[in-house]
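>>> no sequence for this one, just the structure:
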């Protein structure tokens, strides 16, 4: 038997802001809140333990330094990459430079707190 990823925990300065952003990006909903200010978001029908991992946005006052050692990759499910890029930029994402050459098939973006993520080219089927 193997493990699978059930949730990703991200330290953030403003859990409310990032929960709203990532909920819009992924089509997630708020699943719960903890006393420490953490907000968990996930797929509306499955929640925790479903086929997709949930995200826990955990408050942190520690400043981030440098490029993240781990980042999220996303793929559009109902439009092409260019249309999805426009949608993500309208939600508050911004282009990020992590040393790419400009010939990549993906776009490197940052969420409203500067956490890098990539928009890949391949359109995936929705779950």
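Perfect, I can see it now. Treat the numbers as computed from the prediction; the structure is a model and nothing was measured.
>>> could you look up the SS state of the spatially most central residue of the chain?
Central residue of the chain (CA atoms, centre = their mean): residue 22, 5.2 Å from the mean position. Here residue 22 is recorded as helix under DSSP: H, G, I helix; E, B strand; the rest coil.
>>> and it, how far is that from residue 105?
Distance, residue 22 to residue 105, by CB to CB, to the nearest Å: 23 Å. Backbone N, C-alpha and C define where each C-beta goes, glycine included.
>>> residue 12 too?
Distance check for residue 12 against residue 105: by CB to CB, it reads 28 Å.
>>> check which helix or strand residue 82 maps to.
Residue 82 is located in helix 81-91, with elements delineated by DSSP states H and E.
>>> residue contacts, residue 111?
For residue 111, the contacting residues are 18, 21, 22, 92, 93, 117, by CB atoms under 8 Å, 6 or more residues apart in numbering.
>>> among those residues, which one sits closest to residue 60?
Using CB to CB, residue 18 is the member of these that sits closest to residue 60, with 11.1 Å.
>>> show me what contacts the closest one?
Residues in contact with residue 18 (CB under 8 Å, 6+ apart) are 10, 12, 57, 111, 112, 113, 115.
>>> buried ones in the helix or strand it falls within?
Secondary structure here is read from DSSP H and E; on that basis residue 18 sits in helix 15-26. Of the residues in helix 15-26, those scored as buried under the neighbour-count criterion (16 or more other CB atoms under 10 Å) are 15, 18, 19, 20, 21, 22, 23, 25, 26.
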